[in-house]
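# Just need the structure, nothing else, for what follows:
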Amino acid sequence: MASSAPPRHVAERYYQRFDRRQRVTHVFLMMSFIGLALTGLPLRFADQGWARTLAGLWGGIESAGFIHRVCAVVMIGAFVSHVGQVLWQVYRKRDYGALWGPTSMVPQPRDVIEMYGHMRWFVGLGPRPKFDRFTYWEKFDYWAVFWGMLIIGGSGMMLWFPETFALVIPGWVFNIALLVHGEEALLAVGFIFTIHFFNGHIRPEKFPMDLVMFTGRVPEHELLHERPAEYERLAREGRLGLYETTPPNPRSAAFGRALGTVAVTLGLLTVALIVFALLM
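Numbers count the residues shown, from 1 in each chain. As a prediction, the model looks like this:
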């Protein structure tokens, strides 16, 4: 389906994709992740000159460590808040759409079929799959956060409170925790600042910035092109009008563009520093 936007003189419809809570949670998650990356790199690559300079910008290694832990608390708070909202939706509101179906982030057989079709489309062997609300790569990004909180967050808590954990686990586990924390964090930083940023902002369809996570609104032509199955499903169910909303507020869009630009710039700079350190 073509992605051509309507003529300038035609007022385009907009639809709500993310609510305020989801957008605020994403901002806290994004900023805390960037903070963790920029304060963790000086420790991971302490032998590099740029790492010492970066640590100096934070006021030294001790200050960088303090900021790192503050960012960790913010990220854990955002994660717990999101999980709490999902549990509330399922157990209190009896809305089981979060567990299965087109609005769920749970991987389903459809995702495997769409991924296969997408690979074929990449090489010109078939049509582009008709995606619904969430794509297979968005679900991968989503569940990567859970993996990260378990592996990176868990090992980080062990390193933060060694005396407490030493009461129940042997000392050699801390050596593994140190290795796992650094390597898994490095993998997460590399993935988020390349694959995730590319899918979200840098690919031709989105460049130079996708504002939907900051404004919560998506224009009709984009919804039709990116997620035709969702558009058709809502129209078929007679619920499309429930999601129709006003265009993004110019101030909200400007804020999102500025914040997104800073995030992408810092992310790409971080990747460049990692590549430089690994090649040296």
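# What are the boundaries of the helices in the chain?
20-44, 49-57, 61-87, 109-122, 136-148, 154-160, 162-165, 172-191, 197, 212-215, 220-226, 228-237, 250-279 (DSSP state H).
# Return the distance of the first one from the chain's centre.
Relative to the centre of its chain, helix 20-44 is centred 10 Å away, using C-alpha atoms, centre = their mean, to the nearest Å.
# now swap in the longest one and tell me
Taking C-alpha atoms, centre = their mean, one finds helix 250-279 lying 13 Å from the centre of the chain it belongs to.
# Are there helices or strands packed against that helix, and which ones?
Contacts defined by 3 or more C-beta pairs under 8 Å, 6 or more residues apart in numbering; DSSP states H and E place helix 250-279 against helix 20-44, helix 49-57, helix 172-191, helix 197, helix 212-215. From N, CA and C alone the C-beta is placed, and that goes for glycine too.
# hey, which of those helices is tucked in deepest?
For those, average neighbour numbers computed from mean count of other C-beta atoms under 10 Å are highest in helix 212-215, which has a mean of 20.
# So what touches it?
17-18, 23, 26-27, 200, 218, 248-249, 252-253, 255-257, 259-260 (C-beta atoms under 8 Å, 6 or more residues apart in numbering).
# for stretch 98-110, same thing?
Outside stretch 98-110, the residues touching it (C-beta under 8 Å, 6+ apart) are 86, 89-90, 97, 132-134, 136, 138-139, 142-143, 229-230, 233.
# pretty sure residue 90 is in contact with residue 84, am I right?
No. Counting by C-beta atoms under 8 Å, residue 90 stays clear of residue 84, with 11.0 Å between them.
# So which of these two has more stuff around it?
Remark: of residue 90 and residue 84, residue 90 carries more neighbours, 14 against 10, as counted by other C-beta atoms under 10 Å.
# list the contacts for the more buried one?
Contacts of residue 90 were listed using C-beta under 8 Å, 6+ apart, and they are 96, 98, 99.
# Using a markdown table, please lay out those together with pLDDT, neighbour count and distance to residue 114.
Shown next, in a markdown table, are these (pLDDT from 0 to 100; neighbours: other C-beta atoms under 10 Å; distance: C-beta to C-beta, whole Å):
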| residue | pLDDT | neighbour count | distance to residue 114 |
| --- | --- | --- | --- |
| 96 | 86 | 12 | 22 |
| 98 | 85 | 16 | 20 |
| 99 | 88 | 13 | 19 |
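# so which of those would you say is closest to residue 161?
Nearest to residue 161 among the contacts of residue 90, counting by C-beta to C-beta, is residue 98 at 32.3 Å.
# any idea how far that closest one is from residue 151?
Computed as C-beta to C-beta, to the nearest Å, the residue 98 to residue 151 distance reads 24 Å.
# With distance to residue 125 added, can I get the contacts of residue 90 in TSV?
Below are the contacts of residue 90 laid out as TSV (distance: C-beta to C-beta, whole Å):
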residue	distance to residue 125
96	36
98	34
99	34
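# Out of the residues you listed, the closest to residue 42 would be?
residue 98 (38.8 Å).
# No further questions, thank you.
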